[in-house]
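Enquirer: take this sequence and fold it.
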Amino acid sequence: MAAHMARIRSLSRLQRFGLAAYRRYSSGTGYPNISLSTALPGIPKPVFATVDGQEKYETKITTLENGLKVASQNKFGQFCTVGILVNSGSRHETKYPSGISHFLEKLAFSSTAQYGSKDEILLTLEKHGGICDCQTSRDTTMYAVSAEVKGLETVVNLLSDVVLQPRLTDDEIEMTRMAVRFELEDLNMRPDPEPLLTEMIHAAAYRGNTVGLPRFSPPENIDKIDQVMLHGYLRNYYSPERMVLAGVGIEHDQLVQCARKYLLGVKPVWGAGKTGNVDLSVAQYTGGIVKTEKDMSDVSLGPTPMPELTHIMIGLESCSFLEDDFIPFAVLNMMMGGGGSFSAGGPGKGMFTRLYLNVLNRHHWMYNATAYHHSYEDTGLLCIHASADPRQAREMVEIITREFIQMSGRAEEMELERAKTQLKSMLMMNLESRPVIFEDVGRQVLATGKRKLPHELCDLISKVTASDIKRVTAKMLHGKPAVAALGDLTELPTYDHIQEALSSKEGRLPRIYRLFR
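Expert: Alright, predicted model coming up:
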């Protein structure tokens with residue numbers, strides 16, 4: 001009976017799939033042998049979505065009567081990210097003690113005219129599954145909230161209150177002083193010195209002006225900053241024409257309606273005086289060196305302590321993000337790449353980048369070699385950060401200077417295409433995240449009044465040629481270097497020697513002869 005049933009099943013398979021598609025295995029069972037490239041019989045034909053190469057949702061921008069810009073991009077989902085970006089940062093503190101932006105970042109989402117404490121704000125957001133954050137950079141301050149779309153009106157009302165009606169009580173300012181002191185202490189004890197070196201390289205490159213001013217509050221200014229000083233700064237820089245209300249994942253008309261209701265005609269807590277003291281200074285690149293002798297032998301203790309390292313960062317002036325050369329510089333930065341000596345690859349620190357192939361693969365004693373590109377509305381800085389044993393500091397500097405000189409050589413076609421593809425890949429992957437889209441929309445609209453869409457940027461990246469890379473590198477190498485050095489600096493070459501190496505054909509440091517070693 002069982003054998004009879006098996007024969008019936010076999011016949012049904014033959015009738016269904018045909019003789020060529022029938023195959024008997026040693027187990028005695030039969031399976032249809034159909035190629036993966038052909039459609040399965042009996043399955044309806046699939047209907048695929050068509051792609052026209054354009055964004056499904058466009059970025060819409062509206063300017064209100066008071067000068068405030070409202071920018072949004074819709075996105076599928078039940079959550080949205082909404083925030084206010086202000087054209088204000090540490091570069092604008094020329095007429096004030098440095099550290100005001102740092103204080104405002106810590107004071108954000110504290111008590112306001114409507115909310116008695118930070119806990120009340122968090123409880124209000126919790127009802128809509130929301131979280132909040134404030135970040136300051138050298139040129140922008142960003143207040144952001146992610147929450148459910150149905151809570152949009154509550155979110156915009158809250159943002160308006162946080163930005164325009166903060167109480168800034170004495171207790172809150174005192175707590176902020178403690179938080180700032182703790183952060184500065186943590187910054188100096190952290191095993192990763194990258195934030196500290198970034199601060200130092202900016203101070204060296206733009207000595208005493210704009211983006212060279214400290215982003216973190218200097219210890220001597222902590223007790224000087226009070227409510228009167230904060231109100232004076234806010235009065236000058238927190239005006240509607242210097243702000244953008246950006247949103248992702250919501251309808252534009254709905255966001256504009258909320259902006260008109262909560263951000264139009266609102267009198268800020270510091271008064272509605274004229275903004276006559278706005279600092280419009282253009283960044284002046286000076287070049288130079290900032291050195292900090294520091295014992296790095298006990299930075300990371302434990303069963304596997306980090307070795308004692310000397311950290312060097314060398315930078316040259318690039319260009320602003322408003323210039324056409326910004327895209328070639330971004331490709332060059334990706335081509336240099338780099339990372340740690342134990343890097344497993346990935347965007348920005350791939351196994352085929354120059355700093356990996358020419359530096360980390362060839363010099364086993366190099367602990368780290370990474371390229372960074374900082375760009376602002378009026379200037380830019382391309383740097384290489386390297387770490388090694390203090391006894392190898394001189395050789396490490398020469399390796400970096402050689403890499404800078406070799407940038408001006410001809411880039412191979414495969415190397416260039418790989419860097420361009422990697423840059424496009426990183427751009428598109430990052431822009432899948434809603435908070436990243438929000439920041440991109442807000443920053444672009446704040447700086448230029450419009451937004452370049454991802455496919456436009458990808459087209460610009462595709463057009464970069466080897467001659468563009470050579471041209472921007474040659475222009476960059478004409479400037480003076482900026483140098484930041486941290487750790488045991490006994491073997492560090494002089495600034496003049498580093499400058500001489502970057503002016504030579506091969507990037508080599510001048511030979512020095514010592515009578516005693």
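
Enquirer: run a quick neighbour tally on residue 135.
Expert: Here the count is done by other CB atoms under 10 Å, and residue 135 has 14 residues near it. In short, each C-beta sits where N, CA and C put it, glycine included.

Enquirer: and the strands in the protein?
Expert: 22-24, 30-32, 59-63, 69-73, 79-86, 131-136, 141-148, 243-248, 288-293, 310-317, 338-340, 366-375, 380-388, 482-487 (DSSP state E).

Enquirer: and those, which one averages the lowest pLDDT?
Expert: Comparing mean pLDDT across the strands of the chain, the lowest value falls on strand 22-24: a mean of 50.

Enquirer: contact partners of stretch 278-289?
Expert: With CB atoms under 8 Å, 6 or more residues apart in numbering as the contact definition, stretch 278-289 has outside contacts at 91-92, 94-95, 204-207, 209-212, 236-237, 242, 317, 376, 378-379, 479-485, 495, 498.

Enquirer: to the chain's geometric centre, what's the distance from it?
Expert: Computed by CA atoms, centre = their mean, to the nearest Å, the separation of stretch 278-289 from the middle of its chain amounts to 22 Å.

Enquirer: distance between the ends of that stretch?
Expert: End-to-end span of stretch 278-289 (CA to CA, to the nearest Å): 29 Å.

Enquirer: in helices, which of the contacts of stretch 278-289 fall?
Expert: Using DSSP state H, 204, 205, 236, 237, 495, 498 are the members of the contacts of stretch 278-289 that sit in helices.

Enquirer: buried subset of these?
Expert: Buried residues within those, counting neighbours by 16 or more other CB atoms under 10 Å: 204, 205, 236, 237, 495, 498.

Enquirer: isn't the third one up against residue 277?
Expert: What that stands for is residue 236. Yes: judged on CB atoms under 8 Å, residue 236 makes contact with residue 277 at a distance of 4.9 Å.

Enquirer: ok, residue 488 to residue 289 distance?
Expert: Taking CB to CB, to the nearest Å as the criterion, residue 488 is separated from residue 289 by 16 Å.

Enquirer: do residue 147 as well
Expert: According to CB to CB, residue 147 and residue 289 sit 47 Å apart.

Enquirer: equivalent analysis for residue 38, please.
Expert: Using CB to CB, we find residue 38 at a distance of 68 Å from residue 289.

Enquirer: more neighbours: these two, which one.
Expert: Counting neighbours by other CB under 10 Å for residue 38 and for residue 289 shows that residue 289 has the greater number, 19 against 8.

Enquirer: identify the bridge partners of that one.
Expert: Beta-bridge partners for residue 289, by DSSP bridges, are residue 483.

Enquirer: ok, now residue 388?
Expert: Under DSSP bridges, the beta-bridge partners of residue 388 are residue 310, residue 366.

Enquirer: for it, what are its contacts?
Expert: With contacts defined as CB under 8 Å, 6+ apart, the neighbours of residue 388 are 309, 310, 365, 366, 367, 395, 396.

Enquirer: residue 331: which of the residues you listed is nearest?
Expert: Using CB to CB, residue 366 is the member of the contacts of residue 388 that sits closest to residue 331, with 24.1 Å.

Enquirer: which stretches of this structure have low pLDDT?
Expert: Using pLDDT under 70 as the threshold, the predicted model of the chain has low-confidence ranges 1-32, 49-57, 273-276, 341-350, 513-517.

Enquirer: those helices in the stretch 351-500 of the chain, which residues are they?
Expert: With DSSP state H, counting those that start in this stretch applied, the stretch 351-500 of the chain shows helices at 354, 393-406, 413-430, 434-448, 454-462, 466-477, 495-503, listed in chain order.

Enquirer: would you format the ones in helices among the contacts of stretch 278-289 as CSV with distance to residue 452 included?
Expert: Compiled in CSV, the ones in helices among the contacts of stretch 278-289 are given as follows (distance: CB to CB, whole Å):
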residue, distance to residue 452
204, 32
205, 27
236, 30
237, 26
495, 38
498, 37
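
Enquirer: of the residues you listed, which is the nearest to residue 70?
Expert: Taking CB to CB as the measure, residue 70 sits nearest to residue 237 out of these, at 19.4 Å.

Enquirer: wait, doesn't residue 100 sit right on residue 230?
Expert: Yes: here residue 100 reaches residue 230: they are 6.6 Å apart, a contact under CB under 8 Å.

Enquirer: which of the two has more neighbours?
Expert: Higher neighbour count among residue 100 and residue 230: residue 100, with 25 against 20, using other CB under 10 Å.

Enquirer: contact partners for that one?
Expert: Residue 100 is in contact with 93, 225, 229, 230, 233, counting by CB under 8 Å, 6+ apart.

Enquirer: among these, which lie within helices?
Expert: 229, 230, 233.

Enquirer: distance to residue 391 added to those, as CSV?
Expert: Formatted as CSV, the ones in helices among the contacts of residue 100 follow (distance: CB to CB, whole Å):
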residue, distance to residue 391
229, 47
230, 48
233, 47
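
Enquirer: which of these lies closest to residue 194?
Expert: Set against residue 194, the nearest of the ones in helices among the contacts of residue 100 by CB to CB is residue 233 (28.2 Å).

Enquirer: burial measure for the closest one, as a count.
Expert: Neighbouring residues of residue 233 were enumerated by other CB under 10 Å; the total is 23.

Enquirer: wait, isn't it in contact with residue 96?
Expert: Yes: proximity of residue 233 to residue 96 meets the contact threshold set by CB under 8 Å, at 5.7 Å.

Enquirer: ok, residue 268 touching residue 166?
Expert: No: Residue 268 is not in contact with residue 166 according to CB under 8 Å; the separation is 9.2 Å.
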